[in-house]
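Q: When you get a sec, could you give me coordinates for this:
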Amino acid sequence: MGWRQALGYALDALGIGRSPDELVVTGELGHLTSRLPVEDTAIACIGAALIAADRGPVELASEHVAAAVRSEAHLRLDGRSPQDGFASMSRFWRASDGWVRTHGNYPWHREALLRALGTSDDVAAVESAIAELPAREVESRVVGAGGIAAAVRSPEQWRAEAPGQAVDAQPLVSAQRSGDAAPRRGRFRVLDLTRVIAGPVCTRFLAALGADVLRIDPPHRPERPGSYDTLLGKRSAVLDARTSGGLARLHELLDGADVLVHGYRPGALERFGLGFETLAERHPGLVVVSLSAWGSSGPWGDRRGFDSIVQAASGIAAIESTADGPGALPCQLLDHGTGYLCAAAALDGLRRQSELGGTWLRELSLARTAHWLLDHPRAERPTAPATTGPWLTSLDTPEGRITAVAPPGRLDARPLTWPFLHPYGTAEPTW
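A: Have a look, this model is predicted:
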């Protein structure tokens, strides 16, 4: 599979009637070495978002793509990395009959892992406990305790199980219309209820395209310190929707929004009266982009997950394995790729709404993107040298000077830029 074929598939899945030949890719290919077509897929996802912006000729440098899908690794605060990457409880562990991957970057997920295993907050203790258990039992215990884990499966094992079959049955990008709201034109406000990588990649790219993006986080689930890469181009506020006043304010924000992008598990927003049909009734004309780990159907539809966990369960980690155990892609492609597809889905949703009216729902998942990647053979290429310098940009903030990867792509011969970078939680929850 080359990037043109991948881009054609993505545009068709999005319902965008455009040709992949509209994208011009410059530079050598071979910056993201993998046994899977990672580079082609990354180009396709970013290219789809650029084409969906509908702003003249579209150009994308392959070296910029490689930097953009590893943007968190290039981020610097006053010359130093502001985060340590994966926490000690986020890794592969050898179980009694195979391997399991856990995710413990957030304190509440680490606590659930330790609670499930009955161990202290010590790597050696966790390692010992997992070594005595089958991988599927570790997965079951941790998930049952509210944590995040997945046994490492082969692609064949995953596709033979009910969760994998449910993901297979889902489209790469779904589209659903509700109601007959009048077409809207002229605004580009995005309410961002996402965190980590995929959702923020979507909303920061929309910000680079001119959207007024407001990110909302709950006070009891703060973002990890140093997550500047997820805040580029957007304002960030804290709001507690569990209170009547906070929920009322959230609905006021939705009244003024054109797009809602959320990363909550399917069904999780219903308890706040924010299910899609309710949104269509109360906030007609909205474009809703719903991002999840496993999709909205099947036995894992309400399960938490991250890029690394989906790689482990879906068979990617097995394909990328080495003599030392399961492996990983050269970047968190499921996060970044799905994020750009979400941006494309939002832009196409705005087009549909402005032409046809109605309220629109677009659904995407990390697992379905993984299936897309797994369904195509690798394009064999020699490894090309990485050049990140030309794609870096700097922004001054009250907390120091941030160096980040600039938004990828040129539209009508003009490079995209980040409009600003504001510190986490410093904005008021208002338009």
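Q: which residues of the stretch 101-250 of the chain fall in helices?
A: 107-117, 123-131, 135-144, 155-160, 162-168, 198-208, 244-256 (DSSP state H, counting those that start in this stretch).
Q: other SSEs contacting the next helix or strand after the longest one?
A: Read in the C-terminal direction, the helix or strand following helix 244-256 is strand 259-262, with elements assigned using DSSP states H and E. Packed against strand 259-262, as judged by 3 or more Cβ pairs under 8 Å, 6 or more residues apart in numbering; DSSP states H and E, are the following elements: strand 189-193, helix 198-208, strand 287-292, helix 333-356. In short, each C-beta sits where N, CA and C put it, glycine included.
Q: which residues touch strand 259-262?
A: Residues outside strand 259-262 that contact it (Cβ atoms under 8 Å, 6 or more residues apart in numbering) are 188-194, 199, 202-203, 206, 211, 254, 269, 279, 286-291, 342, 346, 349-350.
Q: and these, which are buried?
A: 188, 190-194, 199, 202-203, 206, 211, 254, 269, 279, 286-291, 342, 346, 349-350 (16 or more other Cβ atoms under 10 Å).
Q: still on that earlier bit, pick the most buried one from the helices of the stretch 101-250 of the chain.
A: Among these, ranked by average contacts under mean count of other Cβ atoms under 10 Å, first place goes to helix 198-208 (a mean of 28).
Q: just the angle between that one and strand 287-292, please?
A: 150 degrees (axes from the mean of the first three to the mean of the last three Cα atoms, to 10 degrees).
Q: Which strands or helices does helix 198-208 pack on?
A: strand 189-193, strand 212-217, strand 259-262, strand 287-292, helix 333-356.
Q: how about low-confidence regions in this structure?
A: 1, 85, 379-380, 386, 388 (pLDDT under 70).
Q: Quick check: closest non-adjacent residue to the residue of the chain most remote from its centre.
A: Taking Cα atoms, centre = their mean, the residue of the chain most remote from its mean C-alpha position is E132, at 33.5 Å. The spatially closest residue to E132, leaving aside those adjacent along the chain, is S96, at 6.0 Å (Cβ to Cβ, 6 or more residues apart in numbering).
Q: same thing with S365?
A: S365 sits nearest to G295 (Cβ to Cβ, 6+ apart), 4.1 Å away.
Q: what does E127 give?
A: That would be W93: by Cβ to Cβ, 6+ apart, it lies 6.2 Å from E127.
Q: How many residues are close by that neighbour?
A: Applying other Cβ atoms under 10 Å, we find 21 residues neighbouring W93.
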